[in-house]
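A.B. asks: my questions concern the predicted model and sequence given below.
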Amino acid sequence: DAKTTQPTSMDCAEGRAANLPCNHSTISGNEYVYWYRQIHSQGPQYIIHGLKNNETNEMASLIITEDRKSSTLILPHATLRDTAVYYCIVRVRGSQGNLIFGKGTKLSVKP
Amino acid sequence: NAGVMQNPRHLVRRRGQEARLRCSPMKGHSHVYWYRQLPEEGLKFMVYLQKENIIDESGMPKERFSAEFPKEGPSILRIQQVVRGDSAAYFCASSPPGQSSRDTQYFGPGTRLTVL
């Protein structure tokens, strides 16, 4: 699986959009980008995934650059409950077994 | 449809005792994964099981740790002769059958093991 690089921490004002970047410059053609988050003391939660097209669901939007070397997770209207560590994971879809969690980005949403 | 269930949520053991952690996957899910999160660290994969089979145990410590997922009943992560360094949060995740579904794993609330 390709390596990912994320900022250690970010702040966001409540009600504003939170834009979390992820660099994956060594991504290969068959690798997808997945986002999970872990709210303090809870198990991780799947958010969204994509290959090359932008994706949106009820939780977030995922914007992947045309060269696929980076992506941005967007929480359109961040709330205090979105304070969590956000993990960007790159892997071949359907590959066997475990997810590899890096250090992620600690997002703090402030009132 | 209940989510992934883990019990106990908190477990305290003295050094040398055994710890048994249970995980009931979501209904219809046949893949189970165990992860460990040491204090102030990220999640680390331990083992991946399907019913009655261990598929990948590359993250399991070589000694004292074992896992099973029997035909009937929950998956069990067993730690024998616990040491202080085993104190951590242990998370179980499950995914439905199907190759591509392994990428979307549903996590339980975790079991927090404290070794005195």
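C.D. replies: Looks like it came in fine.

A.B. asks: okay, now residue 76: neighbour count?
C.D. replies: The chain I'm using is chain A. 13 (other CB atoms under 10 Å in any protein chain shown). Any C-beta I mention is one placed from the backbone N, CA and C, and that applies to glycine too.

A.B. asks: right idea, wrong chain: chain B
C.D. replies: Residues near B:Ile76, counting by other CB under 10 Å, number 16.

A.B. asks: B:Arg20 now?
C.D. replies: Other residues close to B:Arg20 by other CB under 10 Å number 14.

A.B. asks: contacting residues around it?
C.D. replies: B:76-79 (CB atoms under 8 Å, 6 or more residues apart in numbering or on different chains).

A.B. asks: among the residues you listed, which are in helices?
C.D. replies: Among the contacts of B:Arg20, none falls in helices (DSSP state H).

A.B. asks: can you tell me the SS state at the most centrally placed residue in chain B?
C.D. replies: Nearest residue to the geometric centre of chain B (CA atoms, centre = their mean): B:Trp34, 3.4 Å. Classification of B:Trp34 using DSSP: H, G, I helix; E, B strand; the rest coil returns strand.

A.B. asks: distance check, A:Val85 against chain B.
C.D. replies: As judged by CB to the nearest CB, to the nearest Å, A:Val85 and chain B stand 8 Å apart.

A.B. asks: could you report the pLDDT at that residue?
C.D. replies: With respect to pLDDT, A:Val85 has a value of 96.

A.B. asks: quick check: closest non-adjacent residue to it.
C.D. replies: In this structure, A:Val85 finds its nearest non-sequential neighbour in A:Gly104, 4.3 Å apart by CB to CB, 6 or more residues apart in numbering or on different chains.

A.B. asks: burial check on that neighbour, number of neighbours?
C.D. replies: 26.

A.B. asks: that one touches B:Gly42, doesn't it?
C.D. replies: Yes. Counting by CB atoms under 8 Å, B:Gly42 is a contact partner of A:Gly104 at 7.1 Å.

A.B. asks: A:Val92: what's it in contact with?
C.D. replies: Counted by CB under 8 Å, 6+ apart, A:Val92 has contacts A:1, A:28, A:30-32.

A.B. asks: tell me the contacts of A:Tyr34?
C.D. replies: Shown in contact with A:Tyr34 (CB under 8 Å, 6+ apart): A:46, A:48-49, A:88-91, A:99, B:103.

A.B. asks: doesn't it lie inside a strand?
C.D. replies: Yes. Under three-state DSSP, A:Tyr34 sits within a strand.

A.B. asks: against B:Arg9, how distant is it?
C.D. replies: 27 Å (CB to CB, to the nearest Å).

A.B. asks: okay then, goodbye and thanks.
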